[in-house]
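Engineer: Show me how the following folds:
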Amino acid sequence: MPRIEALRLRKHPQVLTARETWLLKRVQSGLPAMLRQEHDRLVGRRDAGTLTATDRKRLHALAADIDAHQARHLEWLMELAALRKTSVAALVKRLGLPGR
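Structural biologist: Residues are numbered from 1 along each chain as shown. Got it, this is the predicted structure:
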């Protein structure tokens with residue numbers, strides 16, 4: 001389906017507003033790599049039983065940061081879907097984003 005969408009857009013390019021462009025960039029960017037890497041590293045330590053008290057506090061803080069990012073991500077998706085007069089599910093599918 002993304003290939004069909006690409007062909008359609010080539011014939012009839014969609015003109016995006018500045019807000020849509022901004023939202024689209026945010027939605028497609030995902031979780032910052034450094035945040036994910038640090039979280040994964042600390043989860044690995046936790047699973048290995050080598051997590052220190054400081055690590056545990058940092059892991060909790062990272063989990064809160066990830067939750068906040070995911071909430072913002074959903075807000076961006078909802079706003080973009082509203083601007084395009086479609087559902088979030090249809091937008092996610094159309095953009096080829098991973099389902100959650």
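Engineer: how near is the most centrally placed residue in the chain to residue 53?
Structural biologist: The centroid of the chain falls nearest to residue 30 when counting by Cα atoms, centre = their mean (3.3 Å). The gap separating residue 30 from residue 53 is 30 Å, by Cβ to Cβ, to the nearest Å. For every residue, glycine as well, the C-beta is placed using N, CA and C.
Engineer: count of neighbours near residue 80?
Structural biologist: Neighbour count of residue 80, defined by other Cβ atoms under 10 Å: 21.
Engineer: Correction: the previous question concerned residue 61.
Structural biologist: Neighbours of residue 61 using other Cβ under 10 Å come to 10.
Engineer: And stretch 32-52, what's buried?
Structural biologist: By neighbour count on 16 or more other Cβ atoms under 10 Å, the buried set for stretch 32-52 is 39, 42, 51.
Engineer: Ignoring the adjacent residues along the chain, who's closest to the last one?
Structural biologist: Of all residues not flanking residue 51 in the chain, residue 45 sits nearest, at 4.6 Å (Cβ to Cβ, 6 or more residues apart in numbering).
Engineer: if I look at the one you found, how far off is residue 68?
Structural biologist: Residue 45 is 23 Å from residue 68, where distance means Cβ to Cβ.
Engineer: Find the residue ranges of the chain scoring beneath the pLDDT cut-off.
Structural biologist: Applying pLDDT under 70 to the chain flags the ranges 1-14, 99-100.
Engineer: Try it again at 80.
Structural biologist: Where the chain drops to pLDDT under 80, the residues are 1-15, 99-100.
Engineer: where along it do the helices fall?
Structural biologist: Ranges of helices within the chain are 2-11, 18-29, 33-48, 53-83, 88-95, based on DSSP state H.
Engineer: What about residue 93, how many residues nearby?
Structural biologist: Burial of residue 93 is recorded as 14 neighbouring residues (other Cβ under 10 Å).
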